[in-house]
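Undergrad: Take a look and give me a structure for this.
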Amino acid sequence: MSRARIHWIGGPVLRATVEGNFHVHEALRVGPHKTLGEVIRVSEHEIVAQVYEDTTGLRPGDVVEGTGTPLSVPLGPGILGSIFDGLLRPLDGMNAKNFVRPGGFKHIAANYPFTPIVKVGERVVPGQVFGTAKEANRIEKCMVPPDLEGEVLSIVATGDYSDEAPLGTVRTGDGETVTLSMVQHWPVRRARPVARRGTLDQPLITGQRVLDMLFPVALGGRAMLPGGFGTGKTVLQETLAKWSDADVIIYVGCGERGNEMAEVLQEFAKLEDPRTGRRLMERTAIIANTSNMPVAAREASIYTGITLAEYFRDQGLNVALMADSTSRWAEALREVSGRLGELPGEGGYPAYIGSRLAEFYERAGRVTTLGGEPASLTVIGTVSPPAGDFSEPVTTHSKRYVRSFWGLDRTRAQARFYPAIDPLQSYSEDAPLLAKWWRAEGGNPDWASDRQKILTLLEEEARIERLARIVGKDALPAEQQMILLYAELINEGLLRQLATSAVDHFCSPKRQTNMMRLVMRFITLAEQALQDGVPPQTMMDLPSRRAMQRMGEDLGEDRLDDFQGLWRALDEDFANLSSKPDEGGTGTGANDAR
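TA: The predicted structure is shown next:
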């Protein structure tokens, strides 16, 4: 075991004179309490390390011990339904006896019913399932580690075993004998391998219309959610965690305020899983790393979270990782970089902030696992730009690596318009790839053109609103008044969706298609009526238009058939307009009568 002695320490960073060989990213035990650290620089006679726990009490001369292995976390049964700190240490209680003690990192073993799948003499390959463990209300696959291949020498019989107990042995091609167990230890900074990566041609259904219809993210895609304080980032991420069609949710609270994190923990414990009717926590793991926890552990929490997500992806599941927020993670990098005396880059962040963000987001993807199963890992990271400035470094660097950008607007949030997604700043590069899915599975053959029409109208609305503030809306031409009417219907009837609503907190693809087609039908009929001389105010007062503005709250998932009735009412309203006589006794909609 390599050793070193501290000769300088400042905050989470220390320098130690070496008495053996160390390697970069090697896990360390520091001082009398054996607090956890990691090597970040190596020279001939000195190492520089960051410490993931409080360094109070450490002093020059204290011993630093190398473990010989990279910073790793145990992956196995018992993760889902639990809360951990940034180093995957359980936080399953609010009593003092359950708090994490300095240096504490021992995995808490538990027993699970195990059923073997392989037999003695059989050859196993990386990622192959060699047995299953029953955990609560789900079956977890026990996989051969990604770096192991060989012949099965022994395997236990069906029964209850500790997750750390040896379940079998494998002889590798080198003649080495390796033990199998339910738990794998994997370095958090190293991406877990896959057989191959696939195309992003299926959406992650979030149940939020503004996202699914206008700015979708693909299953296995990458999205970011930037917004200033009070714009609803955390609430929207909680909503996505509950309603998105992922099999497993990994929620990373990275450097958030303690009271916000406490609310998240309390809320998740109460949420009901819409799939099963049971607790949502049964398919969720939460990593809680609040702003008052050691800053270096905040930096590690992101890697811990995505390593957990990759582990469940490797079991053939669709996983969604919610990282809240990458700005706090970047601030941790900045603080440690400053302690190291590195030359600061833009905004004081280290020059390598872009590459670190790339390493994080590029671990997302839709894949075929080593075991041959289709799976995906979707990453959604929030950003908290100071004063809502989207030109700050974390936001601009993140935009280079994500394909869906969901910008939150403070003005919309202050007007209580939620989700406060700004349709003029947001975009989705996945949308063209997902049009085929919406045509075939979503039931809307015109999804791509309807989406583009809506975005164009919202952009025109912003331009006309600036003009209307000068001359007044009544002075605008009829065509421009109608654009404002269309945009109002789009915003109120389609895009507004409260997470607290008993009816409209979730919107299925079928319901979204019905609502989108209704709005587009209104626009088509209104454009024709305007050409026929019908004034905008008359169309604004149509009963069907007012009903469409309320359809999100009035027509829930159990009333999908009622959309046909609203469609008929809309057609009847416009048919009645075309048959009404005008002041001269001529039908307002009859071009041939003029």
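Undergrad: Correct me if wrong: Arg283 contacts Leu271.
TA: No - assessed by C-beta atoms under 8 Å, Arg283 is found out of contact with Leu271, at 10.9 Å. Backbone N, C-alpha and C define where each C-beta goes, glycine included.
Undergrad: neighbour-wise, which of those two wins?
TA: Between Arg283 and Leu271, Arg283 has the larger neighbour count (other C-beta atoms under 10 Å), namely 21 against 14.
Undergrad: what's the nearest residue to that one if we skip its chain neighbours?
TA: Leaving aside its sequence neighbours, Arg283 sits nearest to Val248 (C-beta to C-beta, 6 or more residues apart in numbering; 5.4 Å).
Undergrad: And the one you found, how far from Gly305?
TA: Per C-beta to C-beta, to the nearest Å, Val248 is found 12 Å from Gly305.
Undergrad: Which one's more surrounded, these two?
TA: With neighbours defined as other C-beta under 10 Å, Val248 and Gly305 compare such that Gly305 has more, 28 against 22.
Undergrad: May I ask which helix or strand encompasses the more buried one?
TA: Taking DSSP states H and E as the criterion, Gly305 maps to helix 295-313.
Undergrad: mean confidence score for that helix?
TA: Mean per-residue pLDDT for helix 295-313: 93.
Undergrad: For it, output the C-alpha coordinates as CSV.
TA: Output in CSV follows, covering the C-alpha atoms of helix 295-313 (Å, rounded to 0.1, in the frame of the first residue of the first chain):
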residue,chain,number,x,y,z
VAL,A,295,-17.5,20.9,-2.4
ALA,A,296,-15.3,18.1,-3.9
ALA,A,297,-18.1,15.6,-3.2
ARG,A,298,-20.4,17.8,-5.3
GLU,A,299,-18.0,17.3,-8.2
ALA,A,300,-18.1,13.5,-7.7
SER,A,301,-21.9,13.3,-7.4
ILE,A,302,-22.5,13.9,-11.1
TYR,A,303,-20.2,11.0,-12.0
THR,A,304,-21.8,8.8,-9.3
GLY,A,305,-25.2,9.4,-10.7
ILE,A,306,-24.4,8.7,-14.3
THR,A,307,-22.6,5.5,-13.3
LEU,A,308,-25.7,4.3,-11.5
ALA,A,309,-27.7,5.2,-14.6
GLU,A,310,-25.4,3.2,-16.8
TYR,A,311,-25.7,0.2,-14.5
PHE,A,312,-29.5,0.0,-14.9
ARG,A,313,-29.2,0.8,-18.6
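Undergrad: Relative to whichever helix or strand comes after that helix, what are the paired strands and their orientations?
TA: As assigned by DSSP H and E, the chain's next helix or strand after helix 295-313 is strand 318-324. Here strand 318-324 has these sheet partners by DSSP bridges: strand 248-256 (parallel), strand 374-383 (parallel).
Undergrad: Now the terminal residues of stretch 152-165, how far apart.
TA: 17 Å (C-alpha to C-alpha, to the nearest Å).
Undergrad: Please enumerate residues in contact with that stretch?
TA: Residues outside stretch 152-165 that contact it (C-beta atoms under 8 Å, 6 or more residues apart in numbering): 76-78, 107, 109-116, 118-124, 130-131, 133, 166-171, 177, 180-183.
Undergrad: report the longest helix in the protein, please.
TA: When the chain is parsed with DSSP state H, its longest helix is helix 447-471.
Undergrad: angle of the helix or strand following it against helix 447-471?
TA: Next helix or strand after helix 447-471 toward the C-terminus (DSSP H and E): helix 478-489. Interaxial angle, helix 478-489 versus helix 447-471 (axes from the mean of the first three to the mean of the last three C-alpha atoms, to 10 degrees): 120 degrees.
Undergrad: That concludes my questions; thank you for your assistance.
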